[in-house]
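Trainee: Next come a sequence and a model predicted from it.
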Amino acid sequence: MFISILTALLFLNCCSSSTDIHATTIATRVVNQISDKSIRQRSIASLTSSFLESGSECKYNDAVVDITGEVVAYGLVDGGVYTITIRQDEMDALCLFDESISDQLGGGRLVSSGATIMIRGQCQSSGLFATHPFSLNGCKVISE
């Protein structure tokens, strides 16, 4: 029973820390301050593979990258963090935004279901029990 409770607490801690508005705000500053020339576009598959192999020791952990994909989900989670899930070649990436994205979400806007967009964000390992091995935090939409 103790192990079940500990596992549940670890799961909740991993999930809540990935959607912390304070962490997203800090990552947003990092993403906005980095030079466009130093950004590389990566595939969701290559990032997923790297994080599955190396976890938080992955060479992309804390790196700022661009990824492109089709919007498959978006929303607002507890804590004031907006999420967008994009898909590329049957692989998904979770992207975390601050409130600045709110007026771009929804039907007929830049971020809507089925739209293809490029997102820039800071890679972060999602933790042991997360549904995605990594997330992009502090994101901004670069292009349609």
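Mentor: Sure thing, it's come through. Residues are numbered from 1 along each chain as shown.
Trainee: For Ser56, give its distance to Ser35.
Mentor: For Ser56, the distance to Ser35 equals 25 Å [Cβ to Cβ, to the nearest Å]. (Each C-beta comes from the backbone N, C-alpha and C, glycine too.)
Trainee: and Leu96, what is it in contact with?
Mentor: 18-19, 24, 27, 81-83, 121, 135-139 (Cβ atoms under 8 Å, 6 or more residues apart in numbering).
Trainee: chain center to the longest strand along the chain, what's the gap?
Mentor: If you go by DSSP state E, the chain has its longest strand at strand 64-77. The offset between the C-alpha centroid of strand 64-77 and the centroid of the whole chain comes to 7 Å, using Cα atoms, centre = their mean, to the nearest Å.
Trainee: continuing past that strand, what's the next helix or strand?
Mentor: Next along the chain after strand 64-77, taking DSSP states H and E as the criterion, comes strand 81-88.
Trainee: partners of that next one in the sheet?
Mentor: Here strand 81-88 is paired, per DSSP bridges, with strand 64-77 (antiparallel), strand 91-97 (antiparallel).
Trainee: any chance of these in CSV, plus mean pLDDT?
Mentor: Formatted as CSV, these follow (pLDDT from 0 to 100):
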stretch, mean pLDDT
strand 64-77, 96
strand 91-97, 97
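Trainee: Now render the ones you listed as JSON lines, adding distance to Gly127.
Mentor: Supplementary listing: the strands paired with strand 81-88 in JSON lines, determined by distance: least, Cβ to Cβ, whole Å:
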{"stretch": "strand 64-77", "distance to Gly127": "16"}
{"stretch": "strand 91-97", "distance to Gly127": "12"}
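Trainee: Quick one: closest of these to Ala130.
Mentor: Of all those, it is strand 91-97 that lies closest to Ala130, at 8.5 Å by Cβ to Cβ.
Trainee: Could you list the low-pLDDT ranges of the protein?
Mentor: Low-confidence regions of the chain, defined by pLDDT under 70, span residues 1-19, 144.
Trainee: Okay, strands next: where are they in it?
Mentor: With DSSP E, the ranges of strands along the chain come out as 40-41, 64-77, 81-88, 91-97, 116-125, 134-143.
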